[in-house]
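Engineer: coords please:
(one chain, ligands or ions: 1)
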Amino acid sequence: MAQFPDEAGQDGSFQRQPDEFREWVKTEGEFTPEPNRYQLYICKACPWAHRSWIVLRLMGLEHVVGVSVADPIRTDDTGWAFREGDGHGPDLAEGFHFLSEAYRATAPNFSGRVTVPVLWDKQTRRIVNNSEDDICRMWATVFEPLAKHPVDLFPEAIAEEQNALSDLVYEHINNGVYRAGFADKQSAYDQAVTKLFVVLDQLEARLAHGGPYLFGEQTVETDWRLFCTLIRFDAVYHGHFKCNLRRIIDYPHLQDYLERLYRLPSIAETVNFDHIKRHYYVTHDDINPTQIVPLGPKVVIRAEIKNAD
Ligand SMILES: N[C@@H](CCC(=O)N[C@@H](CS)C(=O)NCC(=O)O)C(=O)O
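Structural biologist: Numbering: from 1, shown residues only. Take a look at the predicted model:
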């Protein structure tokens, strides 16, 4: 049985539900950029939420937008929950116990999966957007005048090439690992994993001939979307999602790149291997019915060895 039967194609492939809320914060309109008006709801285990949080921090917007961190263990009956715990906590913005309260307040008939990240407006008391792509763009554009240290994560000069690479990374890497893990037919799994490793091989070659980042000397948003999958890869995607043709540590340039990104200011504090491992291995109980969390592997970040347990 598929982990998400409503999102299973006839061919056994995982067909991810589209993001439901796509409103935009704009200088003129219903949602204007203001300090202390918006809240970002995340889970540290989630790669999509992770990206929206990283970009918020890189821009220096933490004093503008509050962040509520959900318990990494999501249960079928209550979904994402805000409660006291190691590395997560209650929602101090609205006092939500469950993220589903925000979805219900915005769209009472919403029947899809309640996902993170969510950008919530405390003024109108509704979700503005639950697409990490849009949220990252908003941090970098309309929120930029409020940012403490704005960085150009979408340089105009490379826009076309960057969009193309971002789509490739999304399709075959960010979502590729999920299409491997949530496939419920051999052929769907084979296809996803084969393509995933073709694209990882391409990126390894790209970094071997260029670098240190995807587009040269500065990181752009595409680096961060790739980072969010690479940092989870050896710890969970290799085992839990069966993406095991190679590990990232087997790719010298991708591993170097991953570590370089990890060591940039503001990043290491966003990576929580305990949340990552417990979320995947406990929450996806169709894939891992015993819910046992493996002790390994030790994830190597040179200059430190992160215990993945
Ligand atoms: N917005 C993302 C997806 C976000 C997403 O799926 N988040 C996961 C956590 S990694 C989630 O909240 N899942 C809730 C669930 O499966 O019920 C996209 O469409 O690309």
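
Engineer: So which bits of this structure are right by the ligand?
Structural biologist: 16, 19, 46, 48, 113, 115, 116, 131, 132 (CB under 6 Å from any ligand atom). (C-beta placed from N, C-alpha, C; glycine too.)

Engineer: ok, now which ones touch the fourth one?
Structural biologist: Residues in contact with residue 48 (CB atoms under 8 Å, 6 or more residues apart in numbering) are 115, 116, 117, 132, 174, 228.

Engineer: Now do residue 230 against residue 14, distance only.
Structural biologist: 20 Å (CB to CB, to the nearest Å).

Engineer: More neighbours: which of those two?
Structural biologist: residue 230 (24 against 21; other CB atoms under 10 Å).

Engineer: Just say helix, strand or coil for the more buried one.
Structural biologist: Classification of residue 230 by DSSP: H, G, I helix; E, B strand; the rest coil places it in helix.

Engineer: between the residues of the chain next to the ligand, which has the most around it?
Structural biologist: residue 132 (28 neighbours).

Engineer: quick one: which of the residues of the chain next to the ligand is nearest residue 276?
Structural biologist: Using CB to CB, residue 46 comes nearest to residue 276 of the residues of the chain next to the ligand, at 9.0 Å.

Engineer: Excluding chain neighbours, what is closest to that closest one?
Structural biologist: The spatial neighbour of residue 46 that comes closest, neighbours along the chain excluded (CB to CB, 6 or more residues apart in numbering), is residue 116 at 5.2 Å.

Engineer: tell me which element that neighbour is part of?
Structural biologist: For residue 116, there is no enclosing helix or strand under DSSP states H and E.

Engineer: Same check on residue 68?
Structural biologist: strand 66-69.

Engineer: any residues touching the helix or strand just after that strand, and which ones?
Structural biologist: Moving toward the C-terminus from strand 66-69, the next helix or strand (DSSP H and E) is helix 100-106. Contacts to helix 100-106, defined as CB under 8 Å, 6+ apart, come from residues 21, 41, 78-80, 94, 96, 110, 114, 118, 120, 125-127.

Engineer: could the residues of the chain next to the ligand go into TSV alongside secondary structure and pLDDT?
Structural biologist: Shown next, in TSV, are these (DSSP: H, G, I helix; E, B strand; the rest coil; pLDDT from 0 to 100):
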residue	secondary structure	pLDDT
16	coil	73
19	coil	81
46	coil	98
48	helix	98
113	coil	92
115	coil	97
116	coil	98
131	coil	97
132	helix	97
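
Engineer: Out of those residues, the closest to residue 30 would be?
Structural biologist: Looking across these and measuring by CB to CB, the closest to residue 30 is residue 131, at 17.3 Å.

Engineer: what's the spacing between the closest one and residue 188?
Structural biologist: In terms of CB to CB, residue 131 sits 25 Å off from residue 188.

Engineer: do residue 196 as well
Structural biologist: 13 Å.

Engineer: Give me the residue ranges of the stretch 151-300 of the chain where confidence is low.
Structural biologist: Across the stretch 151-300 of the chain, nothing is flagged by pLDDT under 70.

Engineer: Residue of it closest to the ligand, please.
Structural biologist: residue 175 (6.6 Å; CB to the nearest ligand atom).

Engineer: That residue - that's part of a helix, no?
Structural biologist: Yes: under three-state DSSP, residue 175 falls within a helix.

Engineer: hmm, who's touching the longest helix belonging to the chain?
Structural biologist: The helix spanning the most residues in the chain, taking DSSP state H as the definition, is helix 186-209. Applying CB under 8 Å, 6+ apart, the contact partners of helix 186-209 are 9, 11-14, 168-169, 172-173, 176-177, 179-180, 183, 214, 226, 242-243, 245-246, 251-254, 256-257.

Engineer: So how do I select the buried members of those in PyMOL?
Structural biologist: The PyMOL command for the buried members of these (criterion: 16 or more other CB atoms under 10 Å) is given here:
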select buried, resi 12+13+14+168+169+172+173+176+177+179+180+183+214+226+242+243+246+251+253+254+257
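
Engineer: from the contacts of helix 186-209, which ones fall inside strands?
Structural biologist: Of the contacts of helix 186-209, none are assigned to strands by DSSP state E.
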